[in-house]
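[1] Let me see the structure of the following:
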Amino acid sequence: ANRALAPSSKLAAADWVCQDVHLPGLPHVTDDACYRAMDQLIEVEPALTRGVYDQIADLLNLEVDLLFFDTTSTYFELDEADEPLWRDQQGRVVAEDDPAAVKQAGFRTHGKSKDSRDDLPQVVVGMAVTRTGIPVRVWCWPGNTGDSALIRQVKTDMREWSLARIVWVADRGFASAENRRFLQQGGGHYILGEKLRAGTSEADQALARQGRYATVADNLQVKEVNIDTDDRFVICYNPEAADRDAAVRTRLLAQLTDLIDDTDRLSATKRAELRGVISTKPGLNRFLRVTPKGLLRLDQGKVKAEQRLDGKYLLRCSDPKLSAEDIALGYKQLLEVERGWRDMKTTLDLRPVFHRREDRIRAHILLCWLALLLIRVAETETGRTWTAIRTEIDRLHLGVFTGPAGTFTQRTELSQPQKALLTKLRITEPPRIFDATPATT
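    Prediction:
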């Protein structure tokens, strides 16, 4: 509740319980008690995640036909990364002589940061989300864990859950051949993004196929292409994104032109230095060509190749029953995971993380997931945003009144919007009088 309403450290959360809110049966709590609760939480994580899913699936009658998976990272303001420890395939600490030990890694360690903070240690967080935005489970790995193999662990962890036919939806980082084979085990299917700029034969063949686009939304057109493989390929085109891509490229080309103009009269050493500077800027370096004589030029071939990709992305799907429109719209819903990450990092303050022990960090991430789950269930049941729900319920207060007869505690009258929210969430109205203490002689 604290993470959803007033995210803070455990010390501040304890003060919040004591001073700012009323929790029946818990008039006072210490930060030590909060830490002990976190330690117990991480011990029961497997049973907790399964129990939560079973309750939510029953509560919302979810059809988990599309399950979205993505990862993010969160960094720590540390001078040094954690000491490497032996870990199993899932990133959990094990003994060195344990047969499950496969690698050494610190938990908070350097890796490819999705917050553009490669200079700081981090951990990697993964989340599975339904098409309605409900986060059904969260995972956490050491900061140097790559995306590619993670979806296989996620599928393994969830294979015993009572799910409907699942189509896994994930971004380009999870589209390896090994992952695709694994996701199809047990009759599963996938919709995966493909890298258009990777230069693979499949991507090149898909782009070379002719055909008309069908409009499925104001900003989305789709075209299915046949390239003689078991998988289906759908090219998606977003006119608005195409305009943005063209504008960005125009700006980059102008910057690059300014940098390389009149460089022919520079010495070879100076041109090489400039070439090194440009190589650190991927957006500019993409369009730079160096002649055999070391002269710097715009690469017009790359410019034309990029123009062909404006506003386009390529999808790979193994399900023969889905239409091209369903494939495109299903992948577009991957934005629900991105919305979850955005709320985790802003509304729920995933970072800064006020912990240094690995188990406490894992417990903190579990708490953030539970708070996000609470928010999404409330939004789904009421049809209102969490901001609107929180603002309305925040207007409910508890007053303490003292007089000659004694002291009593009474809540304010419920407004109609507050009553409507409590009804939709199936929450019993709180009593009008909470406590009454007669005066003593």
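
[2] For the rest of this, base every contact and every neighbour count on C-alpha atoms.
    Will do.

[3] Any idea which helix or strand in the protein has the lowest mean pLDDT?
    Lowest by mean pLDDT, DSSP states H and E among the helices and strands of the chain is helix 45-60, with a mean of 81.

[4] which residue is nearest the middle of the protein?
    The centre of the chain sits closest to Trp341, judged by CA atoms, centre = their mean, with a distance of 3.7 Å.

[5] any low-confidence regions in the stretch 101-250 of the chain?
    162-165, 198-199 (pLDDT under 70).

[6] all helices of the stretch 51-200 of the chain, in order?
    150-158, 177-183 (DSSP state H, counting those that start in this stretch).

[7] Tell me which residues of the lengthiest helix in the chain come out buried.
    Longest helix of the chain, by residue count under DSSP state H: helix 358-382. By 16 or more other CA atoms under 10 Å, the buried positions in helix 358-382 come out as 358, 360-380, 382.

[8] Repeat that for stretch 390-399.
    By 16+ other CA under 10 Å, the buried positions in stretch 390-399 come out as Ile393.

[9] Provide the contact partners of that stretch at residue level.
    Outside of stretch 390-399, the residues within contact range by CA atoms under 8 Å, 6 or more residues apart in numbering are 5, 22, 409-414, 417-418.

[10] If we use 7 Å, what do you get?
    Contacts with stretch 390-399, where a contact means CA atoms under 7 Å, 6 or more residues apart in numbering, come from 409-412, 418.

[11] cool, and stretch 321-338?
    Stretch 321-338 is contacted from outside by 68, 70, 129, 131, 133, 169, 191, 216, 222, 224, 234, 236, using CA under 7 Å, 6+ apart.

[12] which one of the residues you listed sits closest to Lys281?
    Taking CA to CA as the measure, Asp70 is the one of the contacts of stretch 321-338 closest to Lys281, at 26.5 Å.

[13] That closest one bridge partners, please.
    Here Asp70 sits in beta bridges with Met127, going by DSSP bridges.

[14] Would you mind measuring from it to Gln333?
    12 Å (CA to CA, to the nearest Å).

[15] Between these two, which has more neighbouring residues?
    Neighbour totals were compared for Asp70 and Gln333, and Asp70 leads with 22 against 19 (other CA atoms under 10 Å).

[16] Quick check: the more buried one touching Gly126?
    Yes. With contact defined as CA atoms under 7 Å, Asp70 counts as touching Gly126 (5.8 Å).

[17] can you list residues touching both of these two?
    By CA under 7 Å, 6+ apart, Asp70 and Gly126 have no common neighbours.

[18] coming back round to it: mind giving me the packing neighbours of the longest helix of the chain?
    In terms of contacts (3 or more CA pairs under 7 Å, 6 or more residues apart in numbering; DSSP states H and E), helix 358-382 is packed against helix 2-5, helix 31-43, strand 135-142, helix 416-424.

[19] Let me know the next secondary structure element after that helix.
    helix 386-393 (DSSP states H and E).

[20] Describe which strands whichever helix or strand comes after that following helix pairs with in its sheet and in which direction.
    Note on helix 386-393: by DSSP H and E, the next helix or strand toward the C-terminus is strand 398-403. Paired strands of strand 398-403, with direction, are strand 406-411 (antiparallel) (DSSP bridges).

[21] Now stretch 248-255: buried residues?
    For stretch 248-255, using 16+ other CA under 10 Å, the buried residues are 249, 252-253.

[22] which other residues reach that stretch?
    Stretch 248-255 is contacted by residues 283-284 when judged by CA under 7 Å, 6+ apart.

[23] Next, report how far it is displaced from the centre of its chain.
    In terms of CA atoms, centre = their mean, to the nearest Å, the centre of stretch 248-255 is set 30 Å apart from its chain centre.

[24] just stretch 73-81 next, same as before
    With CA atoms, centre = their mean, you get 19 Å for stretch 73-81.

[25] Endpoints of that stretch, how far apart?
    15 Å.

[26] Would you mind listing the buried residues in it?
    For stretch 73-81, by 16+ other CA under 10 Å, it's 73-76, 81.

[27] how distant is the least confident helix or strand of the chain from the center of its chain?
    20 Å.

[28] what angle separates it from helix 358-382?
    0 degrees (axes from the mean of the first three to the mean of the last three CA atoms, to 10 degrees).

[29] hang on, the earlier thing: show the buried residues in the contacts of stretch 321-338.
    So, of the contacts of stretch 321-338, 68, 70, 129, 131, 133, 169, 191, 222, 224, 234, 236 end up buried under the neighbour-count rule (16+ other CA under 10 Å).

[30] Identify the residues contacting the last one.
    Read that as Cys236. Applying CA under 7 Å, 6+ apart, we find Cys236 in contact with 220-223, 312-314, 328.

[31] Report the beta-bridge partners for the nearest residue to it once chain neighbours are set aside.
    Closest residue in space to Cys236, ignoring its immediate chain neighbours: Val222 at 4.6 Å, by CA to CA, 6 or more residues apart in numbering. Counting by DSSP bridges, Val222 is bridged to Ala214, Cys236.

[32] what's the domain layout of the protein?
    For the chain, the TED database gives the domain ranges 1-192+314-382, 241-308, 395-438.

[33] before we move on, the earlier item: tell me which of the helices and strands packed on helix 358-382 lies nearest to Ala177.
    So among the helices and strands packed on helix 358-382, strand 135-142 is nearest, using CA to CA, at 22.4 Å.

[34] roughly how far out does that closest one sit from the chain middle?
    With CA atoms, centre = their mean, you get 10 Å for strand 135-142.

[35] Does it pack against any helices or strands, and if so which?
    Strand 135-142 packs on strand 122-130, helix 358-382, going by 3+ CA pairs under 7 Å, 6+ apart.

[36] Identify the residues contacting the longest one?
    Contacts made with helix 358-382 from outside it, assessed by CA under 7 Å, 6+ apart, are listed as 1, 3-4, 38-39, 41-42, 107, 133-135, 138, 140, 344, 348, 350, 355, 385-386, 421, 424-425.

[37] and the residues you listed, which are buried?
    For the contacts of helix 358-382, buried by 16+ other CA under 10 Å: 3-4, 38, 41-42, 107, 133-135, 138, 140, 344, 348, 350, 386, 421.

[38] Cool, thanks, signing off.
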